[in-house]
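*Asks:* have a look; sequence and predicted model below, questions after that.
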There are 2 protein chains.
Amino acid sequence: MKIALVGIGKIALDQHVPALAASADWELVATVSRHGQVPGVEAFASIGAMLEARPDVEAVSLCLPPVPRFEAAAAALRAGRHVMLEKPPGATLAEVHALEALAGERGLTLFATWHSRMAHAVAAAKGWLAGRQVLSGRITWREDVRKWHPGQDWVFEPGGMGVFDPGINALSILTEILPVPVHLTGAELEVPANRQAPIAARLAFTGGISADFDWRQEGPQTWDIELQTDAGPMALRLGGNVLEIDGKRAEGIESIMGEYPALYARMAALVRAGASDVDLSPMVLVADAFTLGRRRTAEPFAF
Amino acid sequence: MKIALVGIGKIALDQHVPALAASADWELVATVSRHGQVPGVEAFASIGAMLEARPDVEAVSLCLPPVPRFEAAAAALRAGRHVMLEKPPGATLAEVHALEALAGERGLTLFATWHSRMAHAVAAAKGWLAGRQVLSGRITWREDVRKWHPGQDWVFEPGGMGVFDPGINALSILTEILPVPVHLTGAELEVPANRQAPIAARLAFTGGISADFDWRQEGPQTWDIELQTDAGPMALRLGGNVLEIDGKRAEGIESIMGEYPALYARMAALVRAGASDVDLSPMVLVADAFTLGRRRTAEPFAF
């Protein structure tokens, strides 16, 4: 099936393009971007021009920042194309509900992806937790924004989500693996004096689960979910790629390169089945954190 | 049917108690409150004590502030009672999803009320708009927080929602009457330097609709929704109680005292039908405004 990629930035080049190149399901035949290109692939400057010139493109994968994503997704759906959305699936919950309605009316596939749910050990963790009781938990998601979003000021703008841009990956795993859903009971957001979105957040959930998101960690990066259960401790490390049971490695690889191939395989399966997959629960928790969070002013931040 | 009222503050005494007194469906047999009481009605200090002492209470109506509401609602549902929630139905979206799941599992009624949807002219406005096209619109919701929430510091705390506490009434009408749903495209939130929640907000929605919420209006109060349509202008004034078509009054009363009786009649109908009614679309728009809103610091506010 022929696919177009919209938004040729870091994540497109690092993950989407290699995943599509290795896919037996998809052929990347067009890109849309103001600046980026993929060698050997027809490039367009606007999604409107691409949709008009390439009626053979069956699906469109969007890796734009969240704020402009809605217009592009709506244009693709109105033109009868299936749509796959990078995380978070939009800048607001209501716009994703609108896309869902649009896809439903037209019988098209809409896939709101959560790449971290495809991390190597997530399914094993979910299986292990099924039927067990979670007594408490701690999420530690600390990384260096300068490394992962160099110069990307939009991440600190309204709608850019700040530290929830990586933090939502942790929440996408948490909402996938827990046998009983949680909700937020309190949050503290640290917002740099010269920015709009938080650079750090501490969250408290029901079930004794807490989260520590920080975008100021230099040196080794941390993406851990540690849970205490009625059958002892378990941990997911390396963003869901390594599972430890009782302190011993049960399952794991040291690479995150399997996540996007798994997303594109799922997209192909959804299109073939005529189905959609739009689970907004990670984004609901982030919207709840913005609503319920107490804000504190942090040091100004410059890239 | 016997009902208990939890949270005996201003809204309970102004609206819930008179509505229940006039209802043929309900008998108010218990209250739960730290301080408030209703003469002639058995009073409890905790919901746990009430649920234990009064197994004959079939339904519980909660008019607590949003933050403590979840625990009370969950306790009532776990004890097998139907639950009616004041607006907004919780401090977070995820907690209301959890209540919905709990009510569903136990076959109980959960009613997330939006009293402004019961305002006299809302149904007529919805009927008039059906099949018409809305070209643009302006919501003006300006009231005096000192008059409506005297000394209630919680409204400016995280989870208190600030000016969205009244503003969500406008959004509950908007989401009810519009033939096509809207979503937020931008927001500005004015937050007093000494508070956490906004005292004013300006919102921009798709479809050319904007909203101006302000809690600093002394003198006459304004609760207007004005829409331009392909069939000319229409306006809802007085919080949905008066409908104007083309500048002329089409429908209206000068009182808001019909809203709560209509809510309790609907609650009785839901219980009899074994159904729930939980529409979170107004709250989604507020969570989106907190997520997407640009914050500006306003003058400190004291009651």
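*Replies:* The structure has been received and is ready for your questions.
*Asks:* what about the helices in the stretch 201-303 of chain A?
*Replies:* A:259-273, A:281-292 (DSSP state H, counting those that start in this stretch).
*Asks:* closest one to residue A:232 among those?
*Replies:* When these are compared by Cβ to Cβ, helix A:281-292 sits nearest residue A:232, at 26.3 Å. (Each C-beta comes from the backbone N, C-alpha and C, glycine too.)
*Asks:* the closest one versus helix B:281-292: what angle between them?
*Replies:* Calculated by axes from the mean of the first three to the mean of the last three Cα atoms, to 10 degrees, helix A:281-292 forms an angle of 80 degrees with helix B:281-292.
*Asks:* how far does helix A:281-292 sit from the chain's center?
*Replies:* From the chain centre to the centre of helix A:281-292 is a distance of 14 Å (Cα atoms, centre = their mean, to the nearest Å).
*Asks:* now it: mean pLDDT?
*Replies:* For helix A:281-292, the mean pLDDT works out to 98.
*Asks:* give the other helices and strands that it contacts.
*Replies:* helix A:93-106, helix A:164-177, strand A:184-192, strand A:200-205, helix B:93-106, helix B:281-292 (3 or more Cβ pairs under 8 Å, 6 or more residues apart in numbering or on different chains; DSSP states H and E).
*Asks:* how about a markdown table for these, with mean neighbour count added?
*Replies:* Shown next, in a markdown table, are these (neighbours: other Cβ atoms under 10 Å in any protein chain shown):
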| stretch | mean neighbour count |
| --- | --- |
| helix A:93-106 | 19 |
| helix A:164-177 | 25 |
| strand A:184-192 | 21 |
| strand A:200-205 | 21 |
| helix B:93-106 | 19 |
| helix B:281-292 | 26 |
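*Asks:* the ones you listed: which one's closest to residue B:183?
*Replies:* Nearest to residue B:183 among those is helix A:93-106 (3.6 Å), distances taken as Cβ to Cβ.
*Asks:* buried ones in the helix or strand that comes right after the closest one?
*Replies:* Using DSSP states H and E, the next helix or strand after helix A:93-106 towards the C-terminus is strand A:110-112. Buried residues in strand A:110-112, counted by 16 or more other Cβ atoms under 10 Å in any protein chain shown: A:110, A:111, A:112.
*Asks:* please name the nearest non-neighbouring residue to residue A:115.
*Replies:* residue A:259 (4.4 Å; Cβ to Cβ, 6 or more residues apart in numbering or on different chains).
*Asks:* now that neighbour: how far from residue A:86?
*Replies:* Counting by Cβ to Cβ, to the nearest Å, the gap from residue A:259 to residue A:86 is 12 Å.
*Asks:* go on, residue A:77?
*Replies:* As for residue A:77, its distance to residue A:86 is 16 Å (criterion: Cβ to Cβ).
*Asks:* and for the residue lying closest to residue A:157 once chain neighbours are set aside, the neighbour number?
*Replies:* Distances taken as Cβ to Cβ, 6+ apart place residue A:196 nearest to residue A:157, at 5.9 Å, with adjacent residues excluded. A count of neighbours around residue A:196, defined by other Cβ atoms under 10 Å in any protein chain shown, yields 16.
*Asks:* contact partners for residue A:196?
*Replies:* A:156, A:157, A:158, A:160, A:162, B:294, B:295 (Cβ atoms under 8 Å, 6 or more residues apart in numbering or on different chains).
*Asks:* got it, and residue A:113?
*Replies:* Residues near residue A:113 by Cβ under 8 Å, 6+ apart: A:84, A:85, A:86, A:87, A:89, A:263, A:266, A:267.
*Asks:* assign the fifth one to helix, strand or coil.
*Replies:* The local conformation at residue A:89, judged by DSSP: H, G, I helix; E, B strand; the rest coil, is coil.
*Asks:* got a pLDDT number for it?
*Replies:* Confidence score, pLDDT, at residue A:89: 96.
*Asks:* pretty sure it sits against residue A:97.
*Replies:* No: between residue A:89 and residue A:97 there is no contact, the gap being 10.3 Å when judged by Cβ atoms under 8 Å.
*Asks:* and the pLDDT at residue A:10?
*Replies:* On pLDDT, residue A:10 comes in at 88.
*Asks:* repeat for the one 4 residues further on
*Replies:* The score at residue A:14 is 93. That number is its pLDDT.
*Asks:* wait, a helix at it?
*Replies:* Yes: according to three-state DSSP, residue A:14 belongs to a helix.
*Asks:* ok, now how distant is it from residue A:115?
*Replies:* Counting by Cβ to Cβ, the gap from residue A:14 to residue A:115 is 11 Å.
*Asks:* can you list the residues of chain A near chain B?
*Replies:* Contacts of chain A with chain B, taken as Cβ under 8 Å from any Cβ of the partner chain, map to A:70, A:91-95, A:97-98, A:101, A:158-159, A:161, A:181-184, A:186-187, A:196, A:281, A:284-288, A:290-295.
*Asks:* re earlier: who has more neighbours out of residue A:14 and residue A:115?
*Replies:* Taking other Cβ under 10 Å, residue A:14 and residue A:115 do not tie; residue A:115 has more neighbours (21 against 13).
*Asks:* count the neighbours of residue A:130 for me.
*Replies:* Residue A:130: 9 surrounding residues under other Cβ under 10 Å.
*Asks:* from what I see, residue A:189 and residue A:297 are in contact.
*Replies:* No: in this structure residue A:189 lies outside contact range of residue A:297 using Cβ under 8 Å: 10.2 Å.
*Asks:* intersection of neighbour lists for these two?
*Replies:* Contacts common to residue A:189 and residue A:297, judged by Cβ under 8 Å, 6+ apart, are absent.
*Asks:* and residue A:255, what pLDDT?
*Replies:* On the pLDDT scale, residue A:255 gets 75.
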